[in-house]
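Participant: here are the coordinates; sequence isn't available:
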């Protein structure tokens, strides 16, 4: 049975997820919580190797189904090796992207639909986030924050692709409104962090009840 708190951060590239992840981790450590920071795709040796395959710009011929399956494979290993053990120890797991990314990017962006949900339900084996922070930002604004020469294969996609990704995130926020907290990523770093803390504190109190 899950003992810890599973927190995920979602949103388009360039939305400031990494900055907010670091601030949240620091907040938790200052309050005495045991926290683990991880990312997707990645988080384990096997998953990081799959990440290299997925994001390499030289692999432009990769089919959408191949992409979706590779993300799910990396996630399955990540869940078994890192996330579930940390939660079983009662730790707070903060993950940069998780299943919602696959649904938005491959389900909507690649137009693979519900098949993405099916393969990822198999991959996560019931391991679903307790709370997800969705940083809302215009994809074009996000892309402009990333130097073109440093963009990976996904970050180099066209505007039309990212418009579908954004639509996917919006629909997920509506479907899972009890789990997904939408935050305007156009605000200042401090404003966004304060919003995250406002929502994470009740979840921590409910889960641990002693902090």
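Facilitator: Arrived safely, thanks for sending. Here the structure is a predicted model, which is why all the values come from computation and not from measurement.

Participant: and the contacts of the longest helix that the chain contains?
Facilitator: In the chain, taking DSSP state H as the definition, the longest helix is helix 189-208. Identification of contacts with helix 189-208 by CB atoms under 8 Å, 6 or more residues apart in numbering yields 4-5, 7, 16, 19-20, 23-24, 27, 31, 33, 92, 130-131, 133, 135, 181, 183-185, 187, 211. Where you see a C-beta, it was placed from the backbone N, CA and C, and this is true even at glycine.

Participant: list buried residues within the residues you listed.
Facilitator: Buried subset of these (neighbour count, 16 or more other CB atoms under 10 Å): 4-5, 7, 16, 20, 23-24, 27, 33, 92, 130-131, 133, 135, 181, 183, 185.

Participant: next step: these restricted to helices.
Facilitator: Counted as lying in helices by DSSP H, out of these, are 20, 23, 24, 27.

Participant: which stretches of the protein have low pLDDT?
Facilitator: Where the chain drops to pLDDT under 70, the residues are 1, 140-150, 153, 155-156, 210-211.

Participant: where do the strands sit along it?
Facilitator: Listed in chain order, the strands of the chain (DSSP state E) span 5-10, 35-39, 92-96, 131-136, 180-184.

Participant: how about the residue nearest to residue 4 when sequence neighbours are not counted, what does it touch?
Facilitator: Spatial nearest neighbour of residue 4, chain neighbours left out: residue 87 (3.9 Å); criterion: CB to CB, 6 or more residues apart in numbering. By CB under 8 Å, 6+ apart, the contact list for residue 87 reads 2, 3, 4, 5, 6, 93, 127.

Participant: mind putting those residues into TSV with distance to residue 195?
Facilitator: As requested, those are exported to TSV (distance: CB to CB, whole Å):
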residue	distance to residue 195
2	25
3	27
4	22
5	18
6	19
93	20
127	26
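
Participant: quick one, which of these are buried?
Facilitator: By neighbour count, with 16+ other CB under 10 Å, these hold 2, 4, 5, 6, 93, 127 as buried.

Participant: now those residues as a markdown table including distance to residue 204?
Facilitator: Shown next, in a markdown table, are the buried ones among the contacts of residue 87 (distance: CB to CB, whole Å):
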| residue | distance to residue 204 |
| --- | --- |
| 2 | 15 |
| 4 | 11 |
| 5 | 7 |
| 6 | 12 |
| 93 | 13 |
| 127 | 19 |
